[in-house]
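1. What follows is a protein structure lacking sequence information:
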């Protein structure tokens, strides 16, 4: 069953369950703020298999977008390059992560344009 990460109303990224859970775990490692993850749990994001970045409070939304846009693809590559068998599989996954990174970058740009 596929999972979704929605960085805005216009950009929704679909992933496998494994990829989705890896991204959430990575975000929790990079942004270990209990208030953020209590909010995510309280909103039921994990229970519905959708992570709504656009619904996060402002400062958290910006930080999550930053991690998605700047760190996630490379972090996944580093994880996948541990064995030769995994190297063949990582290429397709990285392509998917780059799409998520582009979506997050575009929303960051749009949000920056909205600021006074």
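-> Looks like it came in fine. All figures in this text were calculated on a predicted structure; none of them were measured in a lab. Residues are numbered from 1 along each chain as shown.

2. Do a quick rundown of the strands in this structure.
-> Counting by DSSP state E, one finds strands in the chain at the ranges 3-6, 12-15, 50-52.

3. buried ones in the second one?
-> The neighbour-count check on strand 12-15 (16 or more other Cβ atoms under 10 Å) flags 13, 15 as buried. Backbone N, C-alpha and C define where each C-beta goes, glycine included.

4. pretty sure residue 61 is in contact with residue 54, am I right?
-> Yes: at 6.9 Å, residue 61 and residue 54 qualify as touching, with contact defined as Cβ atoms under 8 Å.

5. Which one of those two is surrounded by more residues?
-> residue 61 (20 against 17; other Cβ atoms under 10 Å).

6. And the lengthiest helix in the chain, what's buried?
-> Using DSSP state H to define each element, the chain has its longest helix at helix 84-114. Across helix 84-114, burial judged by 16+ other Cβ under 10 Å covers 90, 93-94, 96-97, 100-108.

7. before we move on, what about stretch 15-26?
-> 15, 19-20, 22-24, 26.

8. quick revisit: save the strands of the chain as TSV, and put in distance to residue 78 and mean pLDDT too.
-> Below are these laid out as TSV (distance: least, Cβ to Cβ, whole Å; pLDDT from 0 to 100):
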stretch	distance to residue 78	mean pLDDT
strand 3-6	20	90
strand 12-15	18	90
strand 50-52	22	88
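
9. I'd like those strands laid out as CSV, including distance to residue 35.
-> Below are the strands of the chain laid out as CSV (distance: least, Cβ to Cβ, whole Å):
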stretch, distance to residue 35
strand 3-6, 20
strand 12-15, 25
strand 50-52, 16
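
10. Thanks a lot, see you next time.
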